[in-house]
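J.: here are the coordinates; sequence isn't available:
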């Protein structure tokens, strides 16, 4: 998924930091209301179409699927009270709980899952995440337009019994089932609201711990209220979560000080000054921020030497330092410390002499390759426009990249354009950009969540990079029953990606936060839809 606050760390100094400023404001507060922030606007509340962090965060708290991601990324049973898996791992049968209802009072049934999954894989829906259904019977053929959505390997055996047929064993299948895109959908609501479905709070129904109220489709303030129809409503202790969008860390902390937020992301200076205070926490993020090169729009970016020069011209350590202490240079597309293979970090399989050379800071070689690339193209100069998100961190990252690329690559001129998240996603999806500073957060804790993106037909492959060998290795990783071979294929594919500069990884992130110590039991995971407030309470 795209965009989380830590990716765009604000560098504005926070003056006169004090944890005592908000104490009087908290004494009379409503202990059943949590005040929280999102760093970006919601783009949609349609489970089939959501792909950004803010939208998925909201869906994670307003929808319930077969599983719910618990602490330490453990998939806990949610609507599935019983799961039976065949010996070959290809047939999964779920018995659903009978006391789950939609917020319109209708029961949640097995057919709601069938309808939702078929809707998402249907090419007419244009779902960004349809590729996640790959491996479910006929999913690839459906998304390619070769078979009808009704042929998907999912069926309702009865009102509360669901069966899924896989074409091959999917090692991370339970993790997928905990992701909001695999949640059920209410057919009556989809048909009632038509094209307005998911475009505002009132054009949606919910079956999760909370229902959304007050989001109009473009505003920056809304609420999640406790869902009286939720099957486990006794476990939900908050009556309301008040959300507001805030894009700068200085504003976040000021709102925290005055009691208007119960948690705030911190700037570089803020994290340094508050690191010893109660409530300070660093949240790991399975994320990578990378440069997307639009080869469909800019012919020069199809030249391998030009792409390699752009990578070698970036001092990743310097860029990470500019953005804050929570950032680390990215020398692989997959972040470190996300996946273990035989007790070792997966990225150790990826790193070799060639990949490390491809992501090293080497301005001399970069300038040489750039000159050669321009000559091959018959160019003397090249102008490129870089799009970033409209946050303080986006501005800082854009300016740092602009400075490094312009100074290290004679003949290159980079301009920077900051635009809102929703507009940036639209520009990416429609191909209306040249360079895009993009980010990806793992939807589940597995390298494939990153490595699926650059495959040729993936809807998230905004740069339209294509590599036959890369596609072959990713396909091979999905068709082997050996976990060891699977990771070997993935590592080889990532080596191809890094050496050919299909995408240019820049840095990985963690998020420094200050959270009021009275706020308890927030479930946070570094991958997937991160925040779950089902069990949260204020002491």
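T.: On my side now, so go ahead. Source: prediction; values computed, not measured. Residues are numbered from 1 along each chain as shown.
J.: so which strand or helix has residue 397?
T.: In the assignment (DSSP states H and E), residue 397 maps to helix 392-408.
J.: Remind me what that helix packs against, helices and strands.
T.: helix 316-323, helix 363-377, strand 382-389, strand 412-419, strand 435-441 (3 or more CB pairs under 8 Å, 6 or more residues apart in numbering; DSSP states H and E). (Each C-beta comes from the backbone N, C-alpha and C, glycine too.)
J.: I'd like these as CSV, with mean pLDDT appended.
T.: Formatted as CSV, the helices and strands packed on helix 392-408 follow (pLDDT from 0 to 100):
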stretch, mean pLDDT
helix 316-323, 91
helix 363-377, 98
strand 382-389, 96
strand 412-419, 96
strand 435-441, 93
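J.: I'd like the next helix or strand past the longest strand seen in the chain.
T.: For the chain, the longest strand by residue count, based on DSSP state E, is strand 504-515. Sequence-wise, the next helix or strand downstream of strand 504-515 (DSSP H and E) is strand 519-520.
J.: can you list contacts of the helix or strand that that next one is followed by?
T.: Sequence order places strand 523-524 as the next helix or strand after strand 519-520, per DSSP H and E. Under the criterion CB atoms under 8 Å, 6 or more residues apart in numbering, residues 69, 70, 71, 283, 530, 531, 532, 533, 534, 535, 536 lie in contact with strand 523-524.
J.: hang on, the fourth one in a strand?
T.: Think residue 283. Yes: Residue 283: assigned to a strand according to DSSP: H, G, I helix; E, B strand; the rest coil.
J.: and it, what are its bridge partners?
T.: residue 511 (DSSP bridges).
J.: Quick check: which element contains residue 354?
T.: Applying DSSP H and E, one finds residue 354 within helix 353-358.
J.: avg pLDDT for stretch 460-473?
T.: Averaging pLDDT along stretch 460-473 gives 96.
J.: next one: stretch 239-249
T.: On average, stretch 239-249 scores 91.
J.: And for residue 32, the neighbour number?
T.: 12 (other CB atoms under 10 Å).
J.: In contact with it: list those residues for me.
T.: Residue 32 neighbours (CB under 8 Å, 6+ apart): 237, 238, 239, 240, 538.
J.: before we move on, the earlier item: off-centre distance for the longest strand of the chain?
T.: On the basis of CA atoms, centre = their mean, to the nearest Å, strand 504-515 sits 13 Å off its chain's mean C-alpha point.
J.: And stretch 47-55, by the same measure?
T.: On CA atoms, centre = their mean, the centre of stretch 47-55 falls 9 Å from that of its chain.
J.: Show me which residues of that stretch are buried.
T.: For stretch 47-55, a neighbour-count test (16 or more other CB atoms under 10 Å) marks 47, 48, 49, 50, 51, 52, 53, 54, 55 as buried.
J.: tell me which of those residues is nearest to residue 511?
T.: Closest approach to residue 511 among those (CB to CB): residue 53, at 11.3 Å.
J.: Mind pulling the model confidence for the closest one?
T.: 84.
J.: hang on, it packs against residue 442?
T.: No: the criterion here is CB atoms under 8 Å, and residue 53 misses it with residue 442 at 11.5 Å.
J.: Give me the residues contacting the helix holding residue 354.
T.: Contacts for helix 353-358 (CB under 8 Å, 6+ apart): 308, 311, 312, 331, 332, 494, 495, 498, 499, 501.
J.: Which parts of the stretch 101-250 of the chain are strands?
T.: 154-158, 161-165, 210-213, 221-226, 240-245 (DSSP state E, counting those that start in this stretch).
J.: low-scoring pLDDT stretches of the stretch 251-400 of the chain, where are they?
T.: 325 (pLDDT under 70).
J.: switch the cut-off to 90
T.: 251-253, 265-276, 282-285, 321-327, 337-340, 389-396 (pLDDT under 90).
J.: ok, now which ones touch residue 221?
T.: Residue 221 neighbours (CB under 8 Å, 6+ apart): 214, 242, 243, 244, 245.
J.: Of those residues, which is the nearest to residue 408?
T.: Nearest to residue 408 among those, with distances taken as CB to CB, is residue 245, at 35.8 Å.
J.: OK, contacts around the closest one?
T.: 37, 38, 39, 40, 41, 54, 220, 221.
J.: now do 10 Å
T.: Each residue near residue 245 by CB atoms under 10 Å, 6 or more residues apart in numbering is listed here: 37, 38, 39, 40, 41, 42, 54, 219, 220, 221, 222, 421.
J.: and the residue of the chain positioned farthest from its centre, backbone torsions?
T.: In the chain, the residue that sits farthest from the middle, by CA atoms, centre = their mean, is residue 378; the gap is 39.1 Å. Phi and psi for residue 378, reported as degrees, to the nearest 10, are phi 80, psi 20.
J.: Tell me if I'm right that residue 477 and residue 484 touch.
T.: No: under the criterion of CB atoms under 10 Å, residue 477 is not in contact with residue 484, lying 11.3 Å apart.
J.: and those two? which has more neighbours close in?
T.: Between residue 477 and residue 484, counting by other CB under 10 Å, residue 477 is the more crowded of the two (21 against 10).
J.: Let me know the pLDDT of the more buried one.
T.: 93.
J.: wait, what's in contact with it?
T.: With CB under 10 Å, 6+ apart, residue 477 has these contacts: 447-448, 451-452, 485-493.
J.: okay, these in JSON lines with pLDDT next?
T.: Below are the contacts of residue 477 laid out as JSON lines (pLDDT from 0 to 100):
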{"residue": "447", "pLDDT": "95"}
{"residue": "448", "pLDDT": "94"}
{"residue": "451", "pLDDT": "96"}
{"residue": "452", "pLDDT": "93"}
{"residue": "485", "pLDDT": "95"}
{"residue": "486", "pLDDT": "94"}
{"residue": "487", "pLDDT": "96"}
{"residue": "488", "pLDDT": "97"}
{"residue": "489", "pLDDT": "97"}
{"residue": "490", "pLDDT": "97"}
{"residue": "491", "pLDDT": "98"}
{"residue": "492", "pLDDT": "98"}
{"residue": "493", "pLDDT": "98"}
